[in-house]
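Peer 1: return a 3D structure for these sequence lines:
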Amino acid sequence: MMRGRTLVTREEAHRRTLLLAIGTLLLFSVSPLFGHHFAEGLENALRGRDHLGALCVIALHALLRPVHLLFHALVVIGLAYATYDRARALLRMRRALAPLHASVPVEGDAFWTAATDVGLDPRHIRVVRGLPNPAFTAGWLRPRVYVAAAVADRLRPEELRALLAHEGAHVARRDPLRLSLLRFLALTLFWLPALRRLADDVADEAEIQADDRAARGQPLALASALLSLASWGVPGAAWAEGVGFAHRADLLDRRIRRLAGEEPPPASRLTRGSVIGALLALALVGASGAIMAHPLPVDHLAHPSNHCGHPGESPLGHLFCRWGVPREAGRLCPHAPVA
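Peer 2: Alright, predicted model coming up:
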């Protein structure tokens with residue numbers, strides 16, 4: 001397949017950006033929640049500093065504590081939801097495959113011949129009669145290629161080789177496990193929709209990379225196989241868990257154009273709204289995590305000049321507590337806990 005270095009460079013840069021963005025989101029979303037619980041000495045960063053200019057740190061602590069606890073709760077809820085989703089997906093796939101007859105290719109048949117020609121171990125293939133999805137790879141620890149028996153009658157030998165080479169790339173890269181773990185992380189941090197969209201972008205790139213491996217020397221055969229199987233039909237939800245060959249209609253155009261020698265730019269599912277939402281959420285979780293490192297109670301006698309004299313008990317009204325209100329001698333900040 002003849003393609004310019006410009007396309008390869010753009011796609012490699014796009015993949016590096018995806019991985020960097022995912023790592024950054026994970027780091028900045030989790031470390032403020034748990035970092036101050038484990039990092040020794042972090043609690044001393046604001047010790048003795050009950051004010052940052054006019055900002056009352058103790059009032060800010062009181063305001064952000066519920067927010068911080070909410071993020072803890074969201075992580076727990078997300079973990080439960082992600083675990084449930086992965087378990088449900090596994091069970092759904094097993095139930096969908098259970099009534100179908102699956103067999104390993106026999107030496108000399110079309111699947112065995114095509115698999116050996118492209119270097120895929122035929123023992124990793126399951127030929128399934130009545131499979132609604134033409135071909136997909138599934139299995140977290142032992143990935144297997146599931147292919148509909150009718151595919152052998154629908155594709156020419158070179159197209160069948162291209163299809164199995166594509167699925168063999170998913171097996172070699174353990175894409176079902178990688179993408180499932182990424183989906184688990186995205187669901188755990190469900191309050192960051194940008195992470196879910198980045199996970200979808202990684203799934204798209206997994207298909208592109210498998211295409212590149214399968215199309216070596218036969219790009220048009222792979223493109224022809226994609227077009228032949230694109231009309232197979234839309235698989236049900238049970239089959240969506242597998243890394244499928246041709247059921248991603250939204251990605252099909254880019255794949256065909258690449259195989260035909262064009263240079264379509266890498267696309268992303270990220271939207272401006274998802275990015276803005278992620279930034280706001282990370283700012284809030286970061287601020288709440290940082291301020292929770294502020295030690296309470298504060299040693300008032302050791303630092304009497306750091307306290308203010310605002311009347312009232314509302315942290316919001318006491319947030320900027322040195323503006324125009326004189327401090328009464330010996331009065332402590334009303335938000336400091338009383339020993």
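
Peer 1: backbone dihedrals for the residue nearest to residue 267 when sequence neighbours are not counted, please?
Peer 2: Counting by Cβ to Cβ, 6 or more residues apart in numbering, residue 267 lies nearest to residue 254, which is 6.6 Å off, once chain neighbours are set aside. Where you see a C-beta, it was placed from the backbone N, CA and C, and this is true even at glycine. Main-chain dihedrals, residue 254, degrees, to the nearest 10: phi -60, psi -40.

Peer 1: so where is the stretch 1-150 of the chain shaky, pLDDT-wise?
Peer 2: Scanning the stretch 1-150 of the chain for pLDDT under 70 picks out 1-5, 34-50.

Peer 1: still on that earlier bit, gap between the residue nearest to residue 267 and residue 275?
Peer 2: 22 Å (Cβ to Cβ, to the nearest Å).

Peer 1: what's around residue 17, how many residues?
Peer 2: Residue 17 has 14 neighbours, counted by other Cβ atoms under 10 Å.

Peer 1: same thing with residue 175?
Peer 2: Residue 175: 23 neighbours (other Cβ under 10 Å).

Peer 1: wait, doesn't residue 120 sit right on residue 145?
Peer 2: Yes. Assessed by Cβ atoms under 8 Å, residue 120 is found in contact with residue 145 at 7.2 Å.

Peer 1: those two: which is more packed in?
Peer 2: residue 145 (28 against 22).

Peer 1: contacts only, for that one.
Peer 2: Counting by Cβ atoms under 8 Å, 6 or more residues apart in numbering, residue 145 makes contact with 120, 124, 125, 126, 135, 136, 137, 164, 167, 168, 170, 171.

Peer 1: distance of the last one from residue 140?
Peer 2: If I follow you right, that is residue 171. 12 Å.

Peer 1: got the residue ranges for the helices in the stretch 201-339 of the chain?
Peer 2: 219-230, 249-259, 272-291 (DSSP state H, counting those that start in this stretch).

Peer 1: tell me which of those is the most buried.
Peer 2: The highest mean neighbour count among those, using mean count of other Cβ atoms under 10 Å, belongs to helix 219-230: a mean of 20.

Peer 1: run the chain-centre distance for stretch 97-114.
Peer 2: Stretch 97-114 sits 33 Å away from the centroid of its parent chain (Cα atoms, centre = their mean, to the nearest Å).

Peer 1: between the two ends of that stretch, what distance do you get?
Peer 2: 23 Å (Cα to Cα, to the nearest Å).

Peer 1: ok, stretch 212-228 next?
Peer 2: End-to-end for stretch 212-228, by Cα to Cα: 19 Å.

Peer 1: pLDDT of it, averaged?
Peer 2: For stretch 212-228, mean pLDDT rounds to 90.

Peer 1: show me the contact partners of it.
Peer 2: So stretch 212-228 is in contact with 1, 118, 154-156, 158-163, 165-166, 168-169, 211, 245-246, 252, 255-256, 259-261, going by Cβ under 8 Å, 6+ apart.

Peer 1: also stretch 10-25?
Peer 2: Contacts of stretch 10-25 (Cβ under 8 Å, 6+ apart): 182, 185, 189, 192, 194-195, 198-199, 201-202, 205, 208, 265-266, 268, 278, 282.
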